[in-house]
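Asker: Following is a predicted model, sequence given first.
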Amino acid sequence: MIFEQFYLGCLAHASYLIGSGGIAAVVDPQRDVEIYLDTAAKLGLRIAHVIETHLHADFVSGHRELAERTGAAIYLGIGSGATFPHRAVGDGDFIAFGQCRLEFLETPGHTLESVAVVVKDLERGPGPFAVLTGDTLFIGDAGRPDLCETKTPQDLAGLLYDSLHRKLLALPDDVLVYPAHGAGSLCGRNISADRNSTIGRERRTNYALQPMEREQFVAMMTRDLPARPEYFERDVDANRQGAPALESLPPVAPLPPREVRARQEQGVTVLDTRPAAAYSAGHVRGSVQIGLGGQFAAWAGATIGLDRDLILVAEDAPAAEESRMRLARVGIERVAGFLQDGVAGWAAAGLPLAMTPLISVRDLADRRAEFTIVDVRARSEWDAGHISGALLHPLPALRASMSSLDPAARIAVHCKSGYRSTIACSLLESAGFAQVMNVAGGFDAWTAAGLPVLLTEPQPQGSGASH
């Protein structure tokens, strides 16, 4: 049996191709599906099955395009409400091809229609080899239980408890665990950077799988849930209908600097995808920065949403096209073009560039009284240690919470290492905050310098971090 994992860093998303006897199944495909078609062709496989463990909220899936291009059937859990042709599956259903058998388990909790896929490689023996757990069970965590409009988080958390303890923990300890997301995903709070685990390891180390009563689990999983990005519901709807092929989207075209400025004045958002250092040294005033090198797509969805017209600033034309592709993966499709010749072209046209100054952690410590310190990490990171006097404004909620800050104040922004704080600085600057500084190296640099840290009494749950 062939088993391939594909990991997409900008979404912290894992998808899978399983093949045997010339046939393949793809599980939880990303929107751009060429990677699966190319891999199947190289391995001499025909993709006949496309499986979704649930209707994903954090990205737009390529199940519809992949099925249309291969003739594959699409499988979803019972009750998905999908409007395209598909096969609804639940407990007792299976797919068999070659020496592979894929058995479905109903595992509601993250969503109502969630399923896990038990993988059996009959060449190894009759027992299960692995389980694809979707967003029900992560490495070190379990899925957030607040993504259903018809059930309360408490209702979903109760279902999640049953799915974890009665279904997944009933599997043998040596069964490999392959989830749909890794560290940094907004679908969990304590997801490990590991790409796989085993049922036995998770039973021992995963906080969500420790022995406890159902009521205790429900209270734990619904306490201090991170903000749910607005685009999540929209992506669920897109996946319920099946997204159109990426090739139907127009390519991005270069736009002259003065046209970019005119469109920006009309309300178009300028999105700078260059690295933080390049952005800080000089950028279009009022632009939003999200570096292409990090979890770009997830943060774009969380901080910009799907309803803005965008013009990109990129290092070059290929980077602009890559940015458009990654944006489309989360359903951001309103890209009008990219700045011709980048910031150099902007400056050559006689248009002014803005700068975001940096401040070192030691300078900040010495001048702390001069600044409002804004920490844009997650609540769990804050609880594990934070700077005295800092204000917590997690990045996904910053647009909504920044109204509580004084636009005239001198603000120093930090995250863990600098990626999220650069995004936050750009959001504040674009909202009219005039004195924003980025803390070089973030909280990591603060602790490395031996500067004092305050701790919050830890909650009995995971403490994830997004980088």
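Answerer: Sure, I can see it.

Asker: I'd say residue 143 and residue 110 touch.
Answerer: Yes. Residue 143 is within contact range of residue 110, at 3.1 Å (criterion: C-beta atoms under 8 Å). C-betas here are computed from N, CA, C, even on glycine.

Asker: Quick check: neighbours shared by these two?
Answerer: Taking C-beta atoms under 8 Å, 6 or more residues apart in numbering as the criterion, residue 143 and residue 110 both touch 134, 135, 136, 160, 187.

Asker: Packing partners of the helix or strand containing residue 320?
Answerer: Taking DSSP states H and E as the criterion, residue 320 maps to helix 317-329. Applying 3 or more C-beta pairs under 8 Å, 6 or more residues apart in numbering; DSSP states H and E, we find helix 317-329 packed against helix 296-303, strand 310-313, strand 335-339.

Asker: just the angle between it and helix 296-303, please?
Answerer: 60 degrees (axes from the mean of the first three to the mean of the last three C-alpha atoms, to 10 degrees).

Asker: What residues of helix 317-329 count as buried?
Answerer: For helix 317-329, a neighbour-count test (16 or more other C-beta atoms under 10 Å) marks 319, 320, 321, 322, 323, 324, 325, 326, 327, 328, 329 as buried.

Asker: Output stretch 223-230 as CSV, nothing but the C-alphas.
Answerer: The C-alpha coordinates for stretch 223-230 follow below in CSV (Å, rounded to 0.1, in the frame of the first residue of the first chain):
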residue,chain,number,x,y,z
ARG,A,223,-13.3,27.5,28.4
ASP,A,224,-11.6,30.5,26.8
LEU,A,225,-12.1,29.4,23.2
PRO,A,226,-10.0,31.5,20.8
ALA,A,227,-11.9,33.9,18.5
ARG,A,228,-13.5,32.2,15.6
PRO,A,229,-12.5,34.0,12.4
GLU,A,230,-15.4,35.4,10.4
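
Asker: Could you give the average pLDDT over it?
Answerer: Averaging pLDDT along stretch 223-230 yields 85.

Asker: to the chain's geometric centre, what's the distance from it?
Answerer: A distance of 13 Å separates the centroid of the chain from that of stretch 223-230, by C-alpha atoms, centre = their mean, to the nearest Å.

Asker: Show me where the stretch 1-150 of the chain has its strands.
Answerer: Listed in chain order, the strands of the stretch 1-150 of the chain (DSSP state E, counting those that start in this stretch) span 2-8, 13-20, 23-27, 46-51, 73-77, 87-89, 94-97, 100-106, 115-121, 130-134, 137-138, 141-142.

Asker: For the ones you listed, state which one has the densest average packing.
Answerer: Mean neighbour count (mean count of other C-beta atoms under 10 Å) peaks for strand 137-138 among those, with a mean of 32.

Asker: Give me the sheet partners of it and which way each runs.
Answerer: strand 141-142 (antiparallel) (DSSP bridges).

Asker: who touches the strand it pairs with?
Answerer: With C-beta under 8 Å, 6+ apart as the test, strand 141-142 has contacts from 109-110, 136, 160, 164, 188-192, 206-209, 221, 462, 464.

Asker: try it again with 10 Å
Answerer: Here strand 141-142 makes contact (C-beta atoms under 10 Å, 6 or more residues apart in numbering) with 109-110, 133, 135-136, 157, 160-161, 163-164, 168, 179, 181, 183, 185, 187-192, 202, 206-209, 217, 220-221, 461-464.

Asker: before we move on, back to that, turn the strands of the stretch 1-150 of the chain into a markdown table, including mean pLDDT.
Answerer: A markdown table is the format used below for the strands of the stretch 1-150 of the chain (pLDDT from 0 to 100):
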| stretch | mean pLDDT |
| --- | --- |
| strand 2-8 | 97 |
| strand 13-20 | 98 |
| strand 23-27 | 98 |
| strand 46-51 | 98 |
| strand 73-77 | 98 |
| strand 87-89 | 98 |
| strand 94-97 | 98 |
| strand 100-106 | 98 |
| strand 115-121 | 98 |
| strand 130-134 | 98 |
| strand 137-138 | 98 |
| strand 141-142 | 97 |
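
Asker: show me the residues around the residue nearest to residue 377 when sequence neighbours are not counted that make contact.
Answerer: Closest residue in space to residue 377, ignoring its immediate chain neighbours: residue 415 at 5.3 Å, by C-beta to C-beta, 6 or more residues apart in numbering. For residue 415, the contact set (C-beta under 10 Å, 6+ apart) comprises 374-378, 381, 394-395, 421-424, 438-439, 442-444, 465-467.

Asker: cutoff 8 Å now
Answerer: Per C-beta under 8 Å, 6+ apart, neighbours of residue 415: 375, 376, 377, 395, 421, 424, 442, 443.

Asker: quick one, phi/psi of the closest residue to the fourth one other than its chain neighbours?
Answerer: This points to residue 395. Nearest in space to residue 395, with sequence neighbours left out and distances taken as C-beta to C-beta, 6+ apart, is residue 376 at 4.4 Å. Main-chain torsions, residue 376, degrees, to the nearest 10: phi -100, psi 20.

Asker: Next, the contact list for residue 376, please.
Answerer: By C-beta under 8 Å, 6+ apart, the contact set of residue 376 is 393, 394, 395, 398, 413, 414, 415, 420, 421, 423, 424.

Asker: 7 Å - rerun?
Answerer: 393, 394, 395, 398, 413, 415, 420, 421, 424 (C-beta atoms under 7 Å, 6 or more residues apart in numbering).

Asker: Equivalent analysis for residue 274, please.
Answerer: With C-beta under 7 Å, 6+ apart, residue 274 has these contacts: 291, 313, 314, 315.

Asker: The same query, at a cut-off of 10 Å, please.
Answerer: So residue 274 contacts 280-283, 289-293, 312-315, 319, 323, 342-343 (C-beta under 10 Å, 6+ apart).

Asker: circling back: just the CA atoms of the helix holding residue 320, as PDB, please.
Answerer: Output of helix 317-329 as PDB, limited to C-alpha atoms (Å, rounded to 0.1, in the frame of the first residue of the first chain):
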ATOM      1  CA  ALA A 317       5.700  38.700 -10.300                       C
ATOM      2  CA  PRO A 318       6.000  35.000  -9.400                       C
ATOM      3  CA  ALA A 319       5.600  35.900  -5.700                       C
ATOM      4  CA  ALA A 320       2.500  37.900  -6.600                       C
ATOM      5  CA  GLU A 321       1.100  34.800  -8.400                       C
ATOM      6  CA  GLU A 322       2.000  32.600  -5.500                       C
ATOM      7  CA  SER A 323       0.300  35.000  -3.100                       C
ATOM      8  CA  ARG A 324      -2.900  34.900  -5.200                       C
ATOM      9  CA  MET A 325      -2.800  31.100  -5.200                       C
ATOM     10  CA  ARG A 326      -2.500  31.000  -1.400                       C
ATOM     11  CA  LEU A 327      -5.200  33.600  -0.900                       C
ATOM     12  CA  ALA A 328      -7.600  31.500  -3.000                       C
ATOM     13  CA  ARG A 329      -6.900  28.500  -0.800                       C
END
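
Asker: ok, back up a step: what's the closest of the buried residues of helix 317-329 to residue 228?
Answerer: Taking C-beta to C-beta as the measure, residue 228 lies nearest residue 329 of the buried residues of helix 317-329, at 18.8 Å.

Asker: can I assume that closest one is in contact with residue 249?
Answerer: No. Using C-beta atoms under 10 Å, residue 329 is not in contact with residue 249; the gap is 11.4 Å.

Asker: quick check, residue 178 in a strand?
Answerer: Yes. Assessed by DSSP: H, G, I helix; E, B strand; the rest coil, residue 178 belongs to a strand.
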